[in-house]
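1. any chance you can model this:
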Amino acid sequence: MTVLRMPSLRTLLLGAAALPFLSGCMVGPNYHRPSAVISPHFKEVPPPAGWNKARPDLVQMPKGDWWTIFNDPLLNDLEERIATSNQSLKEYEAQYRKAAATIDSIKASLYPTLSGNFSFNRNSQGSSASSTSGGFTYTSSQSYTSNTWATGPSASWTVDVWGKIRRQVQQQVAATQGDAALVASMRLSYQLTLAQDYFSMRYQDSLIDLYTRNVGLYWDNLKILENQLEAGVADPTSVLQARYLLQSTEASLANAHIARAQYEHAIAVLTGRAPADVTIAAALLPKEIPAAPVAVPSMILERRPDVAQAERNMEAYNAEIGYAIGAFFPEITLSASYGYSGNPLQQLIQTATRTWGLGAAATETIFQGGARTAAVREAEADYDNAVATYRQTVLAAMQDTEDQMSNLHYLDQQLGLQNQAVASAEAAVRVSMNEYLAGTQIYTTVITAQQTALQYEESQLSIRQQQFNAEVALLTDLGGGWNSKDLPTKASLQTDNPLLPSFIQKDKNGR
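-> Presented below is the predicted three-dimensional model:
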């Protein structure tokens, strides 16, 4: 007699596990990165000329710490706090970690579900019997009680023959990479905001210095005029004009203090601290602005995190199409059980009480009113939308970069002309004052010249502030030294404990 041996549960599970990988089948389109609308060179060329002739290997951009180009130790310290202490950035980092954990949750569907059970049932059944004797009927009853014990493992598995689950994994991996790019993009955005707030605060410091110097000058002029009025050599109108010029300048000084305080408060919050805990000493806006980095348009595709995010979203939506198509194919489920069931407990684990079972099932939705076809069309529309978003993101990045290049170019010209205007206005103040003292001009001429000179100096400072903000914006528009290679790889995201990307910092609690 031939004895058929039951294969072990381990053998069954390993054999079933190989099915989807042996098939290698994944329905739906494979991802190919669409082209973007991008020019070979930039149109706007700020000084020094020749940007559009530069080679990518000549690009000089600080790696990550782009703000170090300004050589400001305080700015360096503040910017470094963004990655570790900015609470808004922590929100995006938490979203990334959640997305990474979701990958493992989806991957779990690729493997069988293994369960173990141990059960006990106690059953009682009653019966009755009738008998007749001497013309009487007698009824007797009795009950039977039994115990049933059962134990053993069972497994069920939906085999990913068509790659439906693997498409879900692919979608989530790409989406998680997009979330990582979003973290990098938001970090760069907060760094940009902090740098612009910092230089705007220095602009207010310079305005405060300018107004303070002029207030002192106007006080001296007012005292001289008041003395002349008492001596009878000045008219009351001149005194009143000098007084309102002083008062309006003092009002401008107070307003500069207001703006300066608000920028300091904003910097405190950006660095994760309460405004009361941050005090930044006053300092003037630097006289010189660093030279802008050499750049070519192709940098945008690899060094802008928002572009990388849009590109990763395209692959995620491409995988969604495959997942939707997978609904048209049957779902194959394997099941296996092995165990013992018997009574009493002492005789449970023996051949006579052994039970086992194998099962396979395939289910297919025959009619669903066109829902599956509609789901595929929806996924295709999502992908087309992602492609358009990607291309528009690249175009917007090109526009932002061109804007800042033209800003730097024309602000440099404007500052040169404004410097000449300031020099002329200061000369006009000296001439008008000398003429007034010589008695050939009224004091109104002096007031007008002083007001004009102050306005020109304010404009001069404003242009310098705009230059710094444009430089900061250009550095971040070019990615701030970030590179798409910094994104976590697909392989690393599918490990049991994926490492955080280098641009995501852990806090003191290891999060």
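2. going by C-alpha atoms from here, please, whenever you check contacts or count neighbours.
-> Noted.
3. so how far is Glu79 from Ile69?
-> As for Ile69, its distance to Glu79 is 12 Å (criterion: Cα to Cα, to the nearest Å).
4. the more surrounded of these two?
-> A direct count of neighbours by other Cα atoms under 10 Å for Ile69 and Glu79 places Glu79 higher, at 23 against 17.
5. contacts only, for that one.
-> Glu79 is in contact with Trp67, Gln191, Leu194, Ala195, Thr271, counting by Cα atoms under 8 Å, 6 or more residues apart in numbering.
6. can you add neighbour count and secondary structure and give these back as a markdown table?
-> Compiled in a markdown table, those are given as follows (neighbours: other Cα atoms under 10 Å; DSSP: H, G, I helix; E, B strand; the rest coil):
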| residue | neighbour count | secondary structure |
| --- | --- | --- |
| Trp67 | 23 | helix |
| Gln191 | 27 | helix |
| Leu194 | 24 | helix |
| Ala195 | 22 | helix |
| Thr271 | 24 | coil |
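7. which one of these is nearest Val296?
-> Trp67 (19.9 Å; Cα to Cα).
8. the stretch 251-400 of the chain: strands as residue ranges?
-> All strands of the stretch 251-400 of the chain, identified by DSSP state E, counting those that start in this stretch, fall at 331-342, 354-363.
9. tabulate those (a markdown table), appending distance to Ala256 and mean neighbour count.
-> Shown next, in a markdown table, are the strands of the stretch 251-400 of the chain (distance: least, Cα to Cα, whole Å; neighbours: other Cα atoms under 10 Å):
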| stretch | distance to Ala256 | mean neighbour count |
| --- | --- | --- |
| strand 331-342 | 70 | 19 |
| strand 354-363 | 73 | 12 |
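10. return the helix or strand in the protein with minimum mean pLDDT.
-> helix 9-23 (a mean of 47; mean pLDDT, DSSP states H and E).
11. and Glu457, what does it touch?
-> Val422.
12. quick one: mean pLDDT over the helix or strand it falls within.
-> For Glu457, the enclosing helix or strand under DSSP states H and E is helix 443-477. In this model, helix 443-477 has a mean pLDDT of 93.
13. outside of the helix or strand following that helix, which residues touch it?
-> The C-terminal neighbour of helix 443-477 among helices and strands, as given by DSSP H and E, is helix 490-493. With contacts defined as Cα under 8 Å, 6+ apart, helix 490-493 is touched by Ala100, Ile103, Val173, Ala174, Gln177, Pro498, Leu499.
14. picking up where we left off before, following element in sequence after the least confident helix or strand of the chain, please.
-> Helix 9-23 is succeeded, C-terminally, by helix 73-85 (DSSP H and E).
15. redo the strands of the stretch 251-400 of the chain as TSV? Include distance to Ala473.
-> Converted to TSV, the strands of the stretch 251-400 of the chain look like this (distance: least, Cα to Cα, whole Å):
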stretch	distance to Ala473
strand 331-342	53
strand 354-363	57
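16. nearest to Thr401, of these?
-> strand 331-342 (50.6 Å).
17. packing partners for that closest one?
-> helix 9-23, strand 136-159, strand 354-363 (3 or more Cα pairs under 8 Å, 6 or more residues apart in numbering; DSSP states H and E).
18. for the protein, which spans come out with low pLDDT?
-> Within the chain, the stretches falling below the threshold (pLDDT under 70) are 1-24, 45-64, 126-143, 149, 340, 342-353, 499, 503, 505-511.
19. who touches the closest residue in space to Phe328 that isn't next to it in sequence in this structure?
-> Among residues not flanking Phe328 along the chain, Arg372 sits closest, at 7.1 Å (Cα to Cα, 6 or more residues apart in numbering). Going by Cα under 8 Å, 6+ apart, Arg372 touches Ala324, Ile325, Ala327, Phe328.
20. closest one to Tyr410 out of these, please.
-> Ranked by distance to Tyr410 (Cα to Cα), the contacts of Arg372 are led by Ala324 at 52.6 Å.
21. the closest one contacts Ala374, correct?
-> No - taking contacts as Cα atoms under 8 Å, Ala324 lies outside contact range of Ala374: 9.2 Å.
22. higher neighbour count, the two?
-> Neighbours were counted for Ala324 and for Ala374 using other Cα under 10 Å; Ala324 has more, 23 against 12.
23. list the contacts of that one.
-> Arg372, Ala375, Val376, Ala379.
24. reformat those residues as TSV; add distance to Ala421.
-> Shown next, in TSV, are these (distance: Cα to Cα, whole Å):
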residue	distance to Ala421
Arg372	71
Ala375	66
Val376	66
Ala379	61
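25. tell me the one of those nearest Asp306?
-> In terms of Cα to Cα, no member of those lies closer to Asp306 than Ala379, at 22.3 Å.
26. residues near the closest residue in space to that closest one that isn't next to it in sequence, how many?
-> Excluding the flanking residues, the one nearest Ala379 by Cα to Cα, 6+ apart is Ile321, at 5.0 Å. When neighbours are defined as other Cα under 10 Å, Ile321 has 26 of them.
27. can I assume Ile321 is in contact with Val376?
-> Yes - Ile321 is within contact range of Val376, at 5.9 Å (criterion: Cα under 8 Å).
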